[in-house]
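Asks: got a predicted model here, sequence first, then my questions.
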Amino acid sequence: MENHPDPLQRLEEIRTKALAEAQTVQGEAELSQWRVVHLGRSSPLMQIFSQLPQFPKEMRPAIGQRANQIKQSLEAALVELNQTLKEAALRHSLEADRLDITLPGRRPAPGRLHPSTQILREITRIFAEMGFQVYNSPDVETDEYNFELLNMPAYHPARDMWDTFYTTKPGVILRTHTSPGQVRVMRERSPEPIRVILPGMCYRYEPVSARSEMQFNQVEGLAVGRHITFGDLKGTLTDFARRMFGKDVRIRLRPSYFPFTEPSAELDIECFVCGGVGCPVCKGSGWLEILGCGMVHPVVLQNGGYDPEVYSGYAFGMGPERTAMLRYRIEDIRYFWENDVRFLEQF
Ligand code: FA5
């Protein structure tokens, strides 16, 4: 600014310029700059204050008064500008971070229970209603519990019914069925009566096919008491089949062989795909096998700590995956562990 001879005139110029520049200030940095230029120590206005003694004495009050007024008005402009900028910044951030609460939410994709878990829970629920407790026994078993105590000493030919995964530790295997749990629970409960189911994963070293996996669940059932008969077994399984597959379902027991039950049987249910006439699902027989069962062998009762002269019992072992296959018409057991969500989402 040129140096005007009239200090009052010059003060007016200082004021006009400062207020005009204030109009163009954008942002805090520019405002701070504006404060330094127009109100700072070496600003033209402050220079007028320091030059005050050089002006003629009679002019000094008027100059001082006007300079003070201008200082106050510039300070007021500063406060106001500061406020305006803050409000603008807040408005901007509210605008930028705005939430549109009217937008439809994203659909959560909740997981589902695996079909095996669902069927296991259902089987457990049915047996719980019938008074069975759940007992868990280990997946990693000993040869003793998996075979020997179940009436299959070493080299017993029936061991070939179960292709076994052995571990590097001698005598330690992966259980091939849930039956070893029978002896575990008997040894724990003897001589109390027993009514339990034992669900769990089993492992078999066998070729995988549409009907057979090398890992699959089983649900073992065991009842031991003083007067348990084959009729109790049949009644329990008939009741189970009706609750599981519908009240009109027909079942049949076919003689079979297991070293740990005598007599032994397998339970078939009437094929609900063809109603017993014969179709590809039941391989033309009209019946579908769902489990193995029988009366607990005296040797096994004895191994469990029960006197076979006094006590008797029944046992059964079913495959929930096979049951789920029948119920939901799943034609290949391999779907269960492939983790293909297109399959899993259907349940
Ligand atoms: C047994 O494992 C006996 N422990 C059952 C038993 C228990 C008999 C108590 C008597 C008393 P089995 O090998 O048949 O039997 O198997 C029983 C069920 O497990 C079969 O009916 C089938 O549903 C299921 N299962 C067997 N092998 C496989 C496999 N590889 N993949 C899927 N499910 C299988």
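Replies: Nice, thanks for sending it over. Residues are numbered from 1 along each chain as shown.
Asks: what bits of the stretch 151-300 of the chain have low per-residue confidence?
Replies: Applying pLDDT under 70 to the stretch 151-300 of the chain flags no residue at all.
Asks: how about the helices in it?
Replies: Along the stretch 151-300 of the chain, counting by DSSP state H, counting those that start in this stretch, helices occupy 180-189, 230-245, 298-303.
Asks: can you check the stretch 1-150 of the chain too?
Replies: Going by DSSP H, counting those that start in this stretch, the stretch 1-150 of the chain shows helices at 7-24, 27-39, 44-51, 60-96, 115-129, 143-146.
Asks: point out the most buried one among these.
Replies: helix 143-146 (a mean of 20; mean count of other CB atoms under 10 Å). (Each C-beta comes from the backbone N, C-alpha and C, glycine too.)
Asks: what's it in contact with?
Replies: Identification of contacts with helix 143-146 by CB atoms under 8 Å, 6 or more residues apart in numbering yields 154, 162, 164, 171-173, 175-177, 179-180, 183-184.
Asks: could the helices of the stretch 1-150 of the chain go into a markdown table alongside distance to the ligand and mean pLDDT?
Replies: Formatted as a markdown table, these follow (distance: least, CB to the nearest ligand atom, whole Å; pLDDT from 0 to 100):
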| stretch | distance to the ligand | mean pLDDT |
| --- | --- | --- |
| helix 7-24 | 82 | 92 |
| helix 27-39 | 72 | 91 |
| helix 44-51 | 94 | 91 |
| helix 60-96 | 58 | 91 |
| helix 115-129 | 10 | 96 |
| helix 143-146 | 10 | 98 |
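Asks: need these in a markdown table (columns: distance to residue 288).
Replies: Listed next are the helices of the stretch 1-150 of the chain as a markdown table, based on distance: least, CB to CB, whole Å:
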| stretch | distance to residue 288 |
| --- | --- |
| helix 7-24 | 88 |
| helix 27-39 | 79 |
| helix 44-51 | 101 |
| helix 60-96 | 64 |
| helix 115-129 | 15 |
| helix 143-146 | 27 |
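Asks: closest one to residue 302 among those helices?
Replies: Between residue 302 and the helices of the stretch 1-150 of the chain, the tightest spacing by CB to CB is seen for helix 143-146, at 14.7 Å.
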